[in-house]
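Q: model this:
(one chain, ligands or ions: 2)
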Amino acid sequence: MRIAIMGSGAIGGYLGARLALAGHDVTFVARGRHLEAMQTYGLQLESPLGNVSLPHVKATATPGEVGHVDIVFFAVKLYDSGTAAAAIVPMVGPGTRVVTLQNGIDSVETLGRLVPPSQVVGGAAYISGYLKQPGLIVHVGGATHFYVGGHNDAVVGALEAACFQAENIGLQRVEDIDQALWTKFVTLCAFSGATSLIRSGIGSILTDPESHTFLGQLRDEGMAVAKAAGHPMQDGYEAYAASVWQNLPPDTRSSMANDLLNGKPLELAWLSGRMHALGNELGVPTPSHTAVYRALHLYAKGTLNSTADGFSGRETNGDLAKSG
Ligand SMILES: NC(=O)C1=CN([C@@H]2O[C@H](COP(=O)(O)OP(=O)(O)OC[C@H]3O[C@@H](n4cnc5c(N)ncnc54)[C@H](OP(=O)(O)O)[C@@H]3O)[C@@H](O)[C@H]2O)C=CC1
Ligand SMILES: CC(C)(CO)C(=O)C(=O)O
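A: Numbering: from 1, shown residues only. Ligands and ions are numbered 1, 2, ... in the order given. As a prediction, this is how the structure comes out:
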């Protein structure tokens, strides 16, 4: 398959590395020092499921050079969505599917403003990783799961088969991707709100009674918002969420908590900020998510000097008006 990765960081880099290793024609779209490193030294992936070393990869800053592909994996941070969605247009032909793995519930709609909505496929990524340094992706641990839409779509079916053959990806089509996205949204917003605000890995949060209570409040508010929005969590959801958190390595923090630690911009407006906004809209109290949103708002634009690490050109201002 011809596959393009838009945003070759933790998620895009993980998938692209495994698919390229399996022999697929993968082009990584990237920028800055990470692009230079990939063009010079290739791409490395460190993962408990097996390291990957690719001394040569196809990497570009210019999607127009790539031409039409079968699949575009869309995995930039949510504050970069608008620019990145516009940039992928030259790679999207009539048979292309754009599979978004971004967190939150806004990605499919955002992409659908720039590429044909019928070609956009939602996805929920269950993996924890980060871009450690230019050219090096780290997968923290645990099994990886990517639930995607396109249940009856032959192109997405071929992608599922390609991922199965590549191994250690765990991409599968689900019948109800909206439910999968909302379930991930509720679970992640609690996890990211708690690990970011408490500034701790999930293990300590589960053992400290007050922190654990806060995590539960975030979860319950998310469930109430989801129900009011017409996407109630299924029976047994609390046990499911608990098992997700208990099965993560205890040091695991959300990607937003890692961004907070590293002074990077935050996806706050699309996570706890989105819960806060939905709560207002739907008449559901969300005091814990509102506290996360307000307490972290000061840091939402990031605290790094913008050019030194290639973090320039962000679209975020951390405000809800920028959502979607
Ligand atoms: N990391 C994780 O553990 C998980 C992340 N997710 C979600 O997946 C999505 C992606 O996250 P993640 O992989 O962590 O993000 P990363 O920041 O690791 O990777 C995104 C990459 O995209 C690049 N990028 C952004 N815009 C462009 C552009 N226009 N052209 C070329 N490159 C671009 C960024 O470059 P630069 O650094 O220069 O900005 C960065 O290298 C997010 O929505 C996140 O919430 C979901 C599950 C787990
Ligand atoms: C919780 C997790 C790691 C899901 O796998 C995630 O989506 C994130 O940290 O952004």
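Q: Is the lengthiest helix in the chain in proximity to ligand 1?
A: Counting residues, the longest helix found in the chain (DSSP state H) is helix 177-198. No. When contact is scored as Cβ under 6 Å from any ligand atom, no part of helix 177-198 falls within range of ligand 1; the minimum is 7.6 Å. Where C-beta positions appear, they are placed from N, C-alpha and C, glycine not excepted.
Q: Against which helices or strands is that helix packed?
A: Secondary-structure packing of helix 177-198 (3 or more Cβ pairs under 8 Å, 6 or more residues apart in numbering; DSSP states H and E): strand 123-126, strand 145-148, helix 202-207, helix 209-228, helix 237-246, helix 255-261, helix 272-282, helix 287-296.
Q: swap the cut-off to 6 Å and go again
A: When contacts are defined as 3 or more Cβ pairs under 6 Å, 6 or more residues apart in numbering; DSSP states H and E, helix 177-198 sits against strand 123-126, helix 209-228, helix 255-261, helix 272-282, helix 287-296.
Q: Spit out the contact partners of Ala10.
A: With Cβ atoms under 6 Å, 6 or more residues apart in numbering as the criterion, the residues that contact Ala10 are 129-131, 137.
Q: related to what we said a few turns ago, got a markdown table for the helices and strands packed on helix 177-198, with distance to ligand 2, mean pLDDT and mean neighbour count too?
A: Written out in a markdown table, the entries for the helices and strands packed on helix 177-198 read as follows (distance: least, Cβ to the nearest ligand atom, whole Å; pLDDT from 0 to 100; neighbours: other Cβ atoms under 10 Å):
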| stretch | distance to ligand 2 | mean pLDDT | mean neighbour count |
| --- | --- | --- | --- |
| strand 123-126 | 4 | 97 | 23 |
| helix 209-228 | 12 | 98 | 19 |
| helix 255-261 | 3 | 96 | 22 |
| helix 272-282 | 13 | 98 | 22 |
| helix 287-296 | 14 | 98 | 20 |
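Q: Reformat these into JSON lines and put distance to ligand 1 next to each item.
A: Putting those into JSON lines (distance: least, Cβ to the nearest ligand atom, whole Å) gives the following:
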{"stretch": "strand 123-126", "distance to ligand 1": "4"}
{"stretch": "helix 209-228", "distance to ligand 1": "16"}
{"stretch": "helix 255-261", "distance to ligand 1": "4"}
{"stretch": "helix 272-282", "distance to ligand 1": "12"}
{"stretch": "helix 287-296", "distance to ligand 1": "15"}
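Q: of all those, which lies closest to Trp182?
A: Comparing these against Trp182 with Cβ to Cβ, the closest turns out to be helix 209-228 (5.2 Å).
Q: I'd like the distance from the nearest residue to Val244 once chain neighbours are set aside to Gly193, if you could.
A: Closest residue in space to Val244, ignoring its immediate chain neighbours: Thr187 at 6.1 Å, by Cβ to Cβ, 6 or more residues apart in numbering. Distance from Thr187 to Gly193, counting by Cβ to Cβ, to the nearest Å: 11 Å.
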